[in-house]
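**Student:** prediction below, plus the sequence it came from.
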Amino acid sequence: MEDAGFCDLSGETCTTPANSDRYIFYDINPPEGFNLRRDVYMRYAIWLHKLQMNRNDLNLKNFKLVLPPWSHLYHWKYSEVPEHIPWALYFDIESLKKFAPVIEMHQFFSDYGVTYKKVEIDDVYILQHYQDMFETGKFKKVEIDDVYILQHYQDMFETGKFEEKMSIEDCNIPIRVNYFYYNNLTSNNVRCLSFHGHTSQLTSILKNSTASSFLFDHAEVALHDMFGDKLYWKCRRSMRFNRELHKIAKKFREEQLDADDKKDMTILPDDWRKEIPRRNAIGGPYLGIHLRRADFVRSRSKEIPTIENAVKQIKNKLYELKLNKVFIATDAPSNEIIEIQSRLEPEYTIITYKPEDWVGEKYKDGGIAIIEQIICSYARYFIGTYESTYSFRIQEEREILGFPVESTFNRLCYDGSESCSKPSIWKIVY
Ligand SMILES: C[C@@H]1O[C@H](OP(=O)(O)OP(=O)(O)OC[C@H]2O[C@@H](n3cnc4c(=O)[nH]c(N)nc43)[C@H](O)[C@@H]2O)[C@@H](O)[C@H](O)[C@@H]1O
């Protein structure tokens, strides 16, 4: 791989090139899960989309958004350390690019002439450090010009007075030394930015700087410019999953759940830009459930049902809809799944997704969770878990597919409250 020509003479430290592409990185509070991260991506993709459309200030048009690899997510198991999973494993990058100027981290490194071992699986690259680099400690360093760690204004919570503002202040959260679990990705210029407001407010930082690369850490502190408008949904629609994940889910839906996309009216055009408003999707002849357990059992015990009660609600809905199959997406341990089975069968058929070995190896926890989300998205009726972002993303997918609202915005109620409030309805806008 050729050096891009902006490293120091020793070639060990590289900084960003002037007057060419400029890069925006963002990172998120480590415990946040995959589906909240998808929402934070949208805030930055929409911002970059707007910058690219900017006709008045040409300097703002050159920015690229670097997609942070899916490394060390709190809820996932990883086979190797460090493992940097690129977005292409889960998303259709060409589809994302039709909305915002995004690049993968490995492309950024490659632009910088940094050598990583690329392991190619189909057309997806997994980046690994060369083992000898660990042994010799010889890494070529990449320095990000300006790092801003976003933090909340302490006093806003105390006074309850929320107004749009930002200012450099002392840090009230820990500072990282390296970024994205790359030992060689650092910065000499790290500041804490107390922030309240919308993501586009950050534009003034770009305008007042000649730096070429910026990292916004704790990016989740910045809010959506506008939640649920046309642009929001364009961005959301561009977030199509990797085609192979769709293929795996489709085969499963057809073989196990009698789905037929033509009959079920769930066919979308190949390009999200060709989608049109509609509400005539029927969905496969099964009930889709997202039953979030794991950490929710501890942290949200008052808001989610017991297994016994969840099964009661599932049975009632199956009876009402005259369906006999239920697909359950869940992170529940196997003993709870066995309990659900024993309470539902033989009256009803319960289906869960068990990946073939190659699927598990290639797509890991993240891919399996996505396949289950897709299967729920194509169901005749969906019931999710209260305040789970995993359920929210399924609801959005169903809005894109054109389901009637009543078949989508439903939740499992907690014990003793069989008619609990419905989740907020966020209808698609074109
Ligand atoms: C309370 C908060 O809840 C947030 O979770 P919440 O919004 O449900 O949504 P996620 O952040 O996506 O859930 C975290 C992870 O749990 C796994 N998971 C959840 N549900 C399922 C499922 O039905 N099937 C499979 N296969 N995997 C599932 C999946 O790996 C997902 O990335 C957390 O991200 C926060 O850290 C925090 O714990």
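**Tutor:** All right, it came through fine.

**Student:** what mean pLDDT does stretch 246-262 have?
**Tutor:** Mean pLDDT, stretch 246-262: 98.

**Student:** same check on stretch 209-220?
**Tutor:** The average pLDDT for stretch 209-220 rounds to 95.

**Student:** which parts of it are buried?
**Tutor:** 211-220 (16 or more other C-beta atoms under 10 Å). For glycine as for every other residue, the C-beta is placed from the backbone atoms N, C-alpha and C.

**Student:** what do you get for stretch 268-278?
**Tutor:** Quick answer for stretch 268-278 (16+ other C-beta under 10 Å): 268, 272, 275.

**Student:** greatest separation within the buried residues of stretch 209-220: which pair is it?
**Tutor:** Ser212 and Glu220 (24.3 Å; C-beta to C-beta).

**Student:** circling back: out of the buried residues of stretch 268-278, which are close to the ligand?
**Tutor:** For the ligand, no contacts are drawn from the buried residues of stretch 268-278 by C-beta under 6 Å from any ligand atom.

**Student:** reformat those residues as a markdown table; add secondary structure, distance to Asp39 and pLDDT.
**Tutor:** Shown next, in a markdown table, are those (DSSP: H, G, I helix; E, B strand; the rest coil; distance: C-beta to C-beta, whole Å; pLDDT from 0 to 100):
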| residue | secondary structure | distance to Asp39 | pLDDT |
| --- | --- | --- | --- |
| Leu268 | coil | 21 | 98 |
| Trp272 | helix | 18 | 98 |
| Glu275 | coil | 20 | 98 |
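
**Student:** please identify which of those residues is nearest to the ligand.
**Tutor:** Trp272 (21.8 Å; C-beta to the nearest ligand atom).

**Student:** interface residues of the chain facing the ligand?
**Tutor:** Neighbours of the ligand within the chain, by C-beta under 6 Å from any ligand atom: 31-36, 74-76, 290, 292, 295, 299, 329-331, 365, 368-369, 372, 388-390.

**Student:** try 5 Å this time
**Tutor:** Taking C-beta under 5 Å from any ligand atom as the test, the list of the chain residues beside the ligand reads 31, 33-35, 75, 292, 295, 329-331, 365, 368-369, 372, 388-390.

**Student:** any of the residues you listed buried? List them.
**Tutor:** 33-35, 292, 329-331, 365, 368-369, 372, 388-390.

**Student:** in helices, which of the residues you listed fall?
**Tutor:** When helices are assigned by DSSP state H, the members of those inside them are 34-35, 365, 368-369, 372, 389-390.

**Student:** possible to save the buried residues of stretch 268-278 as JSON lines with distance to Cys413?
**Tutor:** Output for these, formatted as JSON lines (distance: C-beta to C-beta, whole Å):
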{"residue": "Leu268", "distance to Cys413": "32"}
{"residue": "Trp272", "distance to Cys413": "34"}
{"residue": "Glu275", "distance to Cys413": "33"}
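
**Student:** so, low pLDDT: which residues of the protein?
**Tutor:** By pLDDT under 70, the weakly predicted segments of the chain are 1-19, 58, 80-82, 113-140.

**Student:** give me the residue from it nearest the ligand.
**Tutor:** Gly33 (2.0 Å).
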